[in-house]
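Novice: 3D model of this:
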Amino acid sequence: MTPETSIDIVALLEESRAGFEAAIEAVAPERAGMKPEPEAWSVLEIIEHVTISERALLGQLMRSEVAESGRRNPARESQVDTAIRNRAAKVEAPERARPAGRFETLDIAKRQYAAARAQTIQFACDRAAELPRLSGQHMRFGPVNGVEMLVIIASHSHRHAAQIRERV
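Specialist: Just a heads-up that it's a prediction; the model follows:
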């Protein structure tokens with residue numbers, strides 16, 4: 001994606017969902033709770049983190065008031081996407097987004113993720129025209145509009161799909 005290219009946000013959300021779910025499908029259920037290192041997250045914990053992060057970020061947008069003006073910034077959307085997908089840059093998850101054993105099995109985790117993403121996609125479809133005028137706050141990127149927040153959500157799944165593939 002080039003900075004001049006406007007992102008089709010629903011397509012990006014669907015693509016990242018498919019990639020994340022494909023990465024999960026490659027994991028044997030009996031290995032989902034295994035940690036590659038004591039301080040590393042298991043696949044179950046990764047799915048939990050992605051799911052709770054998505055719900056929190058979408059919740060911000062759902063509570064956001066529609067501003068009178070706002071516009072898309074394709075260059076910033078592209079920069080955010082690239083920055084999040086870059087796994088060379090390690091980022092510490094905030095406490096509220098850290099896994100806490102909410103999902104007991106891989107099936108439960110997959111269903112929870114799928115439900116969260118379905119809600120995000122529905123929101124993107126229902127509020128498409130308003131997205132540039134919605135606002136949120138991200139710990140790394142500061143103030144973002146609705147499109148940028150949805151790019152963050154999609155790119156976050158891409159980032160962690162790569163992490164899961166490293167464990168398979």
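
Novice: ok, the helix or strand bottoming out on mean pLDDT in the chain: who's next to it in the sheet?
Specialist: Least confident helix or strand, the chain: strand 135-138 with a mean of 92, by mean pLDDT, DSSP states H and E. Next to strand 135-138 in the sheet, as set by DSSP bridges, lie strand 142-145 (antiparallel).

Novice: enumerate the positions of the next helix-or-strand element following the strand it pairs with that are buried.
Specialist: Downstream of strand 142-145, the next assigned helix or strand under DSSP states H and E is helix 146-167. By 16 or more other Cβ atoms under 10 Å, the buried positions in helix 146-167 come out as 146-161, 163-164, 167. Bear in mind the C-beta positions are built from the backbone N, C-alpha and C, glycine included.

Novice: cool, stretch 64-81 as well?
Specialist: Applying 16+ other Cβ under 10 Å to stretch 64-81 flags 64, 70, 72, 73, 76, 77, 78, 80, 81 as buried.

Novice: quick one: the helices in this protein?
Specialist: Counting by DSSP state H, the chain has helices at residues 9-25, 43-63, 74-85, 106-126, 146-167.

Novice: so can I have JSON lines of the ones you listed showing mean pLDDT?
Specialist: Below are the helices of the chain laid out as JSON lines (pLDDT from 0 to 100):
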{"stretch": "helix 9-25", "mean pLDDT": "97"}
{"stretch": "helix 43-63", "mean pLDDT": "97"}
{"stretch": "helix 74-85", "mean pLDDT": "95"}
{"stretch": "helix 106-126", "mean pLDDT": "97"}
{"stretch": "helix 146-167", "mean pLDDT": "96"}
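
Novice: any chance of the ones you listed in TSV, plus distance to residue 138?
Specialist: Listed next are the helices of the chain as TSV, based on distance: least, Cβ to Cβ, whole Å:
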stretch	distance to residue 138
helix 9-25	16
helix 43-63	7
helix 74-85	9
helix 106-126	15
helix 146-167	6
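
Novice: buried ones in the least confident helix or strand of the chain?
Specialist: Buried residues in strand 135-138 (16+ other Cβ under 10 Å): 135, 136.

Novice: kindly report the same for stretch 95-113.
Specialist: Under 16+ other Cβ under 10 Å, the buried positions of stretch 95-113 are 97, 99, 103, 106, 109, 110, 112, 113.
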